[in-house]
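Student: Can you look at this prediction? I've put the sequence above it.
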Amino acid sequence: MALNLANTSLFRQDAFIDGTWRPALDGARRPVHNPATGALVAQVAECGTPDVTHAIAAAITAQAEWRNRTGAQRQVILTRWHDLVMDSLDDLATLIVTEQGKPRAEAAGEIRYAASFLLWFAAEAMRAYGDIIPPTNPATRLSVIRQPVGVCAAITPWNFPAAMITRKAGPALAAGCAMIVKPSEETPLTALALAELARQAGVPAGLLQVLPGDGVTLGKALCASPDIRKLSFTGSTQVGRILMAQSAPTLKRLSLELGGNAPLIVFDDAHIEQAIKSTIAAKFRNAGQTCVCANRILVQDGIYDEFATRFARVVAKLRVGPGSNPDAAIGPLISTQARDKVEEHVRDAVAHGAGILCGGARDAAGDLFYQPTVLQDVTPAMRVAREETFGPVAPLLRFHTEAEAIAMANDTEYGLAAYFFTRDHARAHRVAEALEYGMVGHNTGLISNEVAPFGGIKQSGMGREGSRYGIDEYLNMKYICTDIT
Ligand code: ADP
């Protein structure tokens with residue numbers, strides 16, 4: 001189980017509750033495996049409902065004190081947390097590679113991205129401005145202040161084990177809230193390491209807690225509590241719906257970052273080199289396991305054949321291997337279920353007439369590795385075009401007109417990210433406005449950063465993370481009307 005970390009205090013197998021490391025109250029543990037090798041990495045505390053009860057009590061106490069600190073005081077601690085995360089970049093990247101599988105350079109990139117939210121929201125802690133409203137009656141004064149929502153919970157996925165936590169905990173703490181994190185069963189180690197760094201940074205006991213455990217059990221316990229005033233979830237649309245229903249009795253505030261089915265449109269007038277390079281970035285990051293990964297690549301008639309041939313040539317050269325191998329561009333999938341779904345999507349597409357330009361099979365690197373794959377002649381009815389594949393498979397669909405491309409792109413229940421490539425300025429405006437998505441990339445496949453609002457519409461969820469809007473999710477507006485006579 002030994003992991004090669006410079007700072008061994010970052011390898012934690014207990015839960016982090018009320019400022020201390022402790023096993024689950026019933027002593028339960030759950031194994032964590034390395035998806036590249038299947039090796040056992042850790043036996044992590046499996047928290048249950050009584051642990052949640054304990055954590056909520058600690059969070060209430062911690063938040064009552066933290067909410068009264070100034071923005072500047074919160075900023076200092078969040079900045080220190082950011083600095084410690086950056087100082088621990090190598091160790092945190094090792095934890096991500098080990099439990100999640102992505103290539104090391106991507107894991108290091110994720111840590112920088114994760115840290116950026118702490119620095120951004122450290123500064124935003126100083127800027128939770130209110131408003132003065134000109135009154136309708138000269139005898140009154142109207143103002144709006146913004147106050148922390150209270151104790152919050154986050155349920156996070158395995159594909160970004162660090163960033164999905166800081167993107168929620170950063171704004172929560174900046175706003176004056178407490179945060180209880182339930183990390184993914186697959187990737188608790190990175191979350192626990194972040195908690196240790198928060199402790200070292202001076203985050204008070206109980207303010208940030210990490211409770212690994214089963215999603216269904218802990219999700220129910222967190223939703224049922226009226227003391228949890230807000231839930232922020234990143235994961236599948238299906239689980240988002242369950243959490244929304246479970247939050248109805250207590251009318252919790254919700255942020256839901258759910259699934260996507262991102263279209264990527266290449267028009268005839270696109271810069272083809274740029275489109276190919278960006279499509280690789282948008283499709284194959286994290287072996288295709290991100291909610292903003294291009295899931296359908298729509299290519300216009302006039303450029304389709306050339307794009308397909310040249311794109312497949314580049315994809316065929318992407319190296320498959322464990323994330324610890326410096327040459328690897330495509331790591332393992334997270335689980336056998338994830339791999340089976342990818343296989344099923346390819347099988348279904350081929351059965352319905354799609355052709356394989358490269359890949360199309362498991363890779364010899366190991367049980368959970370799948371070759372980067374390009375499919376041509378894909379139609380909108382195929383599963384690979386209707387469902388989120390979450391794997392290294394690029395389906396190419398053909399379209400003729402701009403109107404057809406927009407109709408195809410919007411023909412999904414999802415609305416997270418979309419991308420398009422064109423050098424025509426007027427078309428760029430038309431298409432960007434017509435796409436029913438929360439985020440649009442024009443001539444780029446990488447759009448996410450801490451200063452821009454991340455989030456979806458339709459069944460991709462609600463709420464925005466990052467940017468100056470992100471802290472709003474953790475603040476309540478209070479209107480105060482004063483009679484001055
Ligand atoms: P993914 O497909 O990315 O694994 P999930 O939505 O299944 O997405 O999981 C994301 C997070 O949601 C994980 O932390 C998981 O434990 C949690 N989870 C899964 N099912 C439920 C549930 N019924 N209630 C609450 N959380 C859940």
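Tutor: That came in fine, so what should we check first?

Student: If you count contacts, what does the helix or strand that contains Ala59 end up packed against?
Tutor: If you go by DSSP states H and E, Ala59 is part of helix 49-66. On a contact count with 3 or more CB pairs under 8 Å, 6 or more residues apart in numbering; DSSP states H and E, helix 49-66 meets strand 15-17, strand 151-155, strand 178-182, strand 208-210, helix 215-224. No exception for glycine: its C-beta is placed from N, CA and C like everyone else's.

Student: Who are the packing partners of the helix or strand where Leu173 lies?
Tutor: If you go by DSSP H and E, Leu173 is part of helix 163-175. In terms of contacts (3+ CB pairs under 8 Å, 6+ apart), helix 163-175 is packed against helix 71-87, helix 104-124, strand 151-155, strand 178-182, helix 188-201, strand 228-234.

Student: mind running it again at 7 Å?
Tutor: Using 3 or more CB pairs under 7 Å, 6 or more residues apart in numbering; DSSP states H and E, the elements in contact with helix 163-175 are helix 71-87, helix 104-124, strand 151-155, strand 178-182.

Student: rewinding a little: CA atoms of the helix holding Ala59 as CSV?
Tutor: Extracted C-alpha coordinates of helix 49-66, given in CSV (Å, rounded to 0.1, in the frame of the first residue of the first chain):
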residue,chain,number,x,y,z
THR,A,49,-25.3,8.3,9.1
PRO,A,50,-24.1,8.7,12.7
ASP,A,51,-20.8,10.1,11.4
VAL,A,52,-22.9,12.6,9.4
THR,A,53,-24.8,13.6,12.5
HIS,A,54,-21.6,14.2,14.3
ALA,A,55,-20.1,16.3,11.5
ILE,A,56,-23.2,18.5,11.1
ALA,A,57,-23.1,19.3,14.8
ALA,A,58,-19.4,20.3,14.5
ALA,A,59,-20.1,22.3,11.4
ILE,A,60,-22.8,24.3,13.1
THR,A,61,-20.5,25.3,15.8
ALA,A,62,-17.6,26.1,13.5
GLN,A,63,-19.8,28.2,11.1
ALA,A,64,-21.2,30.3,13.9
GLU,A,65,-17.7,31.5,14.6
TRP,A,66,-16.4,31.7,11.0
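
Student: Averaged pLDDT, it. What do you get?
Tutor: Averaging pLDDT along helix 49-66 gives 98.

Student: just how off-centre is that helix within its chain?
Tutor: With CA atoms, centre = their mean, to the nearest Å as the basis, helix 49-66 stands 25 Å off its chain's centre.

Student: and it, which residues are buried?
Tutor: Across helix 49-66, burial judged by 16 or more other CB atoms under 10 Å covers Thr49, Asp51, Val52, His54, Ala55, Ile56, Ala58, Ala59, Thr61, Ala62, Gln63, Trp66.

Student: what does stretch 235-242 give?
Tutor: So, applying 16+ other CB under 10 Å, buried residues of stretch 235-242: Gly235, Thr237, Val239, Gly240, Ile242.

Student: got it, and stretch 277-289?
Tutor: Neighbour-count burial for stretch 277-289, counted by 16+ other CB under 10 Å, picks out Ser278, Thr279, Ile280, Ala281, Ala282, Lys283, Phe284, Arg285, Asn286, Ala287, Gly288, Gln289.

Student: out of the residues you listed, who's near the ligand?
Tutor: Counting by CB under 6 Å from any ligand atom, nothing from the buried residues of stretch 277-289 sits close to the ligand.

Student: Up against the ligand, what does the protein have?
Tutor: For the chain, the contact set with the ligand under CB under 6 Å from any ligand atom comprises 155-158, 182, 184-185, 215-216, 219, 235-236, 239, 242-243.
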